[in-house]
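1. take this sequence and fold it.
(chains A, B and C)
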Amino acid sequence: MPLDTSSYSLALLRLDGRRWNELRRLTAQISTQASADGSSYLEMGNTKVICTVSGPSEQKAAGSDRGERDKAGVRVEISVAGFSGVERKRRGRNDKRINEMATTISSAFQTNLFTNLFPHSTITLSLHLLSSDGSVLAALLNASTLALIDAGIPMKDYICACTAGSTSSYSSNDESADPLLDLNAQEELELPFLTVATLGGSDSVSVLVMETKVQVGRLEGMLAVGVDGCKQVREVLDEVVRERGSRILEGTKL
Amino acid sequence: MAITILAPAPAIIPYQAESSPDDSDDGGVDLQGDVSMRPAKRARHSREIITPGEIITDDAQWMRGHGTYVAASSSEIIATVAGTVQKTNKLLSVRPLRARYTPEIGDLVVGRIIEVQSKRWRVDVGAPVLANLPLSAINLPGGILRRRTETDELQIRTFFSEGDLLVAEVQALYQDGSASLHTRSLKYGKLRNGVFMSVSGVGGGGGVVRARRQVWTIDTAHGGGKVDVILGVNGYIWISKHVEVTGGEAAITRIEESVSSTVYSSQNDAIERETRREMARIGGVIQLLVTEGLRVDEDMVMKGYEAAVEVDNLNTGESNAYLSVEKGQEVLKLLRGI
Amino acid sequence: MPRETAPSLNEKLFFQKALEENLRIDGRAFDQFRALELEFGDEYGVADVRLGKTRIHTHISAQVTAPLPEKPFDGLFTLTTELSPMASPAFEVSRPTPTELLLSRLLEKTIRRSQALDTESLCLLAGQKVWAVRADVHVLSHDGNLVDAASIAVIAALQHFRRPDVSVEGESVVVFGLEEREPVPLSMLHFPLCVTFSFYDLGGGAGEEEGEMRVLIDATSSEEMLRDGGCTVGMNRHGEVCQIAKLGGVPVDAVVLLNCIAVAGQKVREISDFVKGRLESDRKKRDKGGWMEELRAENDRVS
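-> This is a model prediction of the structure:
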């Protein structure tokens, strides 16, 4: 069903009332799961994700992503709840899209974490997508970052992710197209978009995934807006960690 | 039936600092200078939270410690974990709020046997890698000074087998950060007559902290008798009935006999109902301390236990060891009143 | 489990030092492809691509089937990839490796999701009969940069392929044999190709120094094993980006990435022209002057 995106040009407001450069409500909690070494719960609009980290620990299970001799391996498991989307769908273990996301997250954190501090051990990230409304990969990356911080695993910086799109569909060549920040599922269906993850507040892009066709000229604007959004995301995540930290410190004053 | 969507309840607002005088025996010796919350240490210990990626300093005079890294071709020291900055002379390190246990020599740990190999055990102590307990590092029956023989190797499972719990000390560390344990003392060895608890480990926040005494005996109320508490530095805790060593302290020459008879036994002694109840109460207190993010050490557990007994005494009816949410709040109130 | 043998530390250091001197092991420029060879088979829709020692064979086939119930007007297009132990001992039968997963996903995203093949034109009878086009990608030899080579192979094979002509009268569909009527080419909307970049961080792992980043095109398998991150860009010659996949790895400055995309556009145009040239010469070879030529008695005998 085509979505009516024409209304945007009239009021410069998106379907959910946001302006082009506004993020959805981004909230997060950490240390939500008692049994895990680190855990987090993150909401980006209606996309909801739980992440638990276990390890680094020595794992018996052999696999391709098992820890190497001189550094830890990062294993990522993503499970998508049947009730997460509009349609109830059973996804097999071999969903390539999910596996690709898992590989992406694993590879992004493999270089960001100081895995050399934990030889021949494995850090397991278990991600659960509870509700999906766009920007799924971004939400998964953000939740993973928080859970890894909670687990006290050393990393270079936050990996923060968000999506950016463009109001022009690829066929039309109108010059007035605006870039958009943080798309929801409806917008993702209709518009070209990319997911970008940066390292901390810098412009270094760790993950960049785009699956839709777009004119090369649009890309620069989208990427700029995305990178800028990542900085906003970092502030929010940082606030969550600080709040949690000061609460812990308050508690220990007794 | 209508579906109602409940807004997530905000977490209980933790105790606000009422600047309670924290004068809990700081006259003592700080083991390894590692007990963070002692007032004496505060001067060197920042209360400010540092998060990963944050630049701590760009002054080249500092050396980087744990929890930091230096970017290539610059002198900036950048944090890699979320926690508090600690300065030891010229060494800057960041203590994480929460992290997995990293073994250090001399730590008293509680562990569980995961794997039995021909000359050693592999022990889970909650660290990134399993710890080793070599056959040569345990007290063999029939005397401490006996040589290890092939018969012992064949009977390795009679000492510890998979799933057994033990208390041990970290003797050495390997290059990869894994620990080698020993139980060559009567304080150490197999654990029985009690319950195991796991609380997540050390850090700037709550959990078990390295303290002067990790093992002590509580004289419990309500006729529970004596209960031993072992707080492993790794966050593993053992609460058990206190068993008097036969012959008492005097019979130091007869150690070998007691070693042979009881140390590797897998049989529990008879434990009274009252003792079990008090053990449950201690467990509840420790759990409460952990969920509130408080430090777990002898002092806190003792105060908490006394408060719990007091709260229980106020209640009419049969004594109940279970620390419900309401009772937990009352215990906390009492604790904060101290 | 057979694994690819990891390069030794000395090899790695040698390679890094060479990169610092702006040299590659095989002496190529950083943005230079290896020798690209493209051959077509006797049948329509068979393409064999060689990129250095990497060799990929692609076969396109088509048959008439029922469409998916949710898309009654669309033909089917499936892409299957196979990495067999023949290509490299590290691959095993029936156990997908991450390499294979990424290869098939990237091809899928570049070619299928970007609507390179006009699936609506494959419809014969709405809701009942459509063409199902299938592209089988076989990796015969693996020496890095599978994605780029495979995308060239698939796009070339799709352009080369001819499906049998059909006539639809009411409810009945007649498929003509290749001898009865001249087969028709597939209707393609655009021709996307992939260009993969490999990133090497020489700044000691901190990723702060942009100047210390080296970007290579068309990495061999040993270069791929040493790389700190990669990025695959799918584009067509009109400057439309079909997909970008920088799946983790070392963080790269956004400006460098935009630069890569510009380079990709240029490379895609070069390769597109190359493929076009080869298709043209293949067509000339096949077309010896039409039916009249073929019917002449002095035609070459096929022995």
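2. return the per-residue confidence for residue 72.
-> Using chain A here. If you check A:A72, the pLDDT there is 86.
3. you answered for a different chain; I wanted chain C.
-> Per-residue confidence (pLDDT) for C:P72: 87.
4. which SS class is the closest residue to it other than its chain neighbours?
-> Nearest residue to C:P72, sequence neighbours excluded (CB to CB, 6 or more residues apart in numbering or on different chains): C:G127, at 3.7 Å. Just so you know, the C-beta spots here come from the backbone N, C-alpha and C atoms, and that holds for glycine as well. Here C:G127 takes the coil state, with states given by DSSP: H, G, I helix; E, B strand; the rest coil.
5. how many residues are close by C:G127?
-> C:G127 is flanked by 13 other residues according to other CB atoms under 10 Å in any protein chain shown.
6. now B:E326
-> Neighbours of B:E326 (other CB under 10 Å): 9.
7. same thing with B:I77?
-> Applying other CB under 10 Å, we find 24 residues neighbouring B:I77.
8. now do it against A:Y158, distance only.
-> For B:I77, the distance to A:Y158 equals 17 Å [CB to CB, to the nearest Å].
9. quick one on the thing from earlier: quick check: the residue nearest to C:P72 touching C:P67?
-> Yes. Using CB atoms under 8 Å, C:G127 is in contact with C:P67, at 6.5 Å.
10. show me the shaky parts of the chain.
-> I went with chain A, as the question did not name one. For chain A, the stretches with pLDDT under 70 are A:1-10, A:59-69, A:90-94, A:168-176, A:251-254.
11. that's the wrong chain, I wanted chain C
-> Counting by pLDDT under 70, chain C has low-confidence residues at C:1-4, C:203-211, C:288-303.
12. just want the most central residue of it.
-> C:S151 (1.1 Å; CA atoms, centre = their mean).
13. can you give me phi and psi for B:E298?
-> Main-chain torsions, B:E298, degrees, to the nearest 10: phi -60, psi -50.
14. is it in contact with B:W216, as I believe?
-> Yes. Between B:E298 and B:W216 there is a contact under CB under 8 Å: 5.5 Å.
15. what touches both of those two?
-> Applying CB atoms under 8 Å, 6 or more residues apart in numbering or on different chains, one finds that B:E298 and B:W216 are jointly contacted by B:V229.
16. between these two, who's got more neighbours?
-> Between B:E298 and B:W216, counted using other CB under 10 Å, the more crowded position is B:E298 (16 against 13).
17. check contacts around that one.
-> B:211-214, B:216, B:229, B:231.
18. hmm, try it at 7 Å
-> Listed by CB atoms under 7 Å, 6 or more residues apart in numbering or on different chains, the contact partners of B:E298 are B:211, B:213, B:216.
19. check what pLDDT the nearest residue to the first one once chain neighbours are set aside gets.
-> Same thing as B:A211. In space, not counting the residues next to it along the chain, B:A211 is nearest to B:D297; the distance is 4.3 Å by CB to CB, 6+ apart. At B:D297, the model reports a pLDDT of 83.
20. ok, B:D297 - contacts?
-> So B:D297 contacts B:209, B:211, B:231 (CB under 7 Å, 6+ apart).
21. apply 8 Å and report the result again.
-> By CB under 8 Å, 6+ apart, the residues touching B:D297 are B:208-209, B:211, B:231.
22. so how far is chain C from it?
-> Look at B:D297 and chain C: by CB to the nearest CB, to the nearest Å, they are 39 Å apart.
23. same deal with B:P52?
-> Distance, B:P52 to chain C, by CB to the nearest CB: 14 Å.
24. what about that residue, how many neighbours?
-> Using other CB under 10 Å, B:P52 has 28 neighbouring residues.
25. so it touches B:A79, yeah?
-> Yes. The criterion here is CB under 8 Å, and B:P52 meets it with B:A79 at 5.7 Å.
26. distance of B:E278 from B:V290?
-> Using CB to CB, B:E278 is found at 19 Å from B:V290.
27. those two: who's more crowded?
-> Between B:E278 and B:V290, counted using other CB under 10 Å, the more crowded position is B:E278 (27 against 22).
28. next helix or strand past the strand or helix carrying that one?
-> Using DSSP states H and E, the element containing B:E278 is helix B:273-291. Of the helices and strands lying after helix B:273-291 in sequence (DSSP H and E), the nearest is strand B:295-296.
29. just checking: what are the partner strands of that following strand?
-> Each strand that pairs with strand B:295-296, with its direction, by DSSP bridges: strand B:207-208 (parallel).
30. any chance you could map the helices in chain A?
-> Counting by DSSP state H, one finds helices in chain A at the ranges A:8-11, A:96-112, A:136-150, A:185-190, A:216-251.
31. pipe those helices into JSON lines and attach mean neighbour count per row.
-> Shown next, in JSON lines, are these (neighbours: other CB atoms under 10 Å in any protein chain shown):
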{"stretch": "helix A:8-11", "mean neighbour count": "12"}
{"stretch": "helix A:96-112", "mean neighbour count": "22"}
{"stretch": "helix A:136-150", "mean neighbour count": "29"}
{"stretch": "helix A:185-190", "mean neighbour count": "18"}
{"stretch": "helix A:216-251", "mean neighbour count": "20"}
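32. closest residue of the stretch 101-250 of chain A to chain C?
-> Using CB to the nearest CB, A:S107 is the residue of the stretch 101-250 of chain A that sits closest to chain C, at 2.9 Å.
33. so that residue touches C:G248, yeah?
-> Yes. Counting by CB under 8 Å, A:S107 does reach C:G248; the two are 2.9 Å apart.
34. between the two, which contacts overlap?
-> Residues touching both A:S107 and C:G248 by CB under 8 Å, 6+ apart: C:G229.
35. who touches residue 107 in this structure?
-> Picking chain A for this. C:229, C:247-249.
36. that's the wrong chain, I wanted chain B
-> B:169-170, B:179, B:210, B:233-234.
37. now do 7 Å
-> B:D107 makes contact with B:169-170, B:233 under the criterion CB under 7 Å, 6+ apart.
38. measure it to B:S240 for me?
-> To B:S240, B:D107 is 20 Å away according to CB to CB.
39. before we move on, what about C:S198?
-> 59 Å.
40. can you check C:E20 too?
-> Taking CB to CB, one finds C:E20 at 62 Å from B:S240.
41. ok, those two, which is more surrounded?
-> More neighbours surround B:S240 than the other of C:E20 and B:S240, with 21 against 12 (other CB under 10 Å).
42. shouldn't B:I49 be within a helix?
-> No. With three-state DSSP as the criterion, B:I49 is located in strand rather than a helix.
43. rewinding a little: which helices and strands sit right next to the helix holding B:E278?
-> Applying 3 or more CB pairs under 7 Å, 6 or more residues apart in numbering or on different chains; DSSP states H and E, we find helix B:273-291 packed against strand B:194-198, strand B:226-231, strand B:236-241, strand B:295-296, helix B:298-314.
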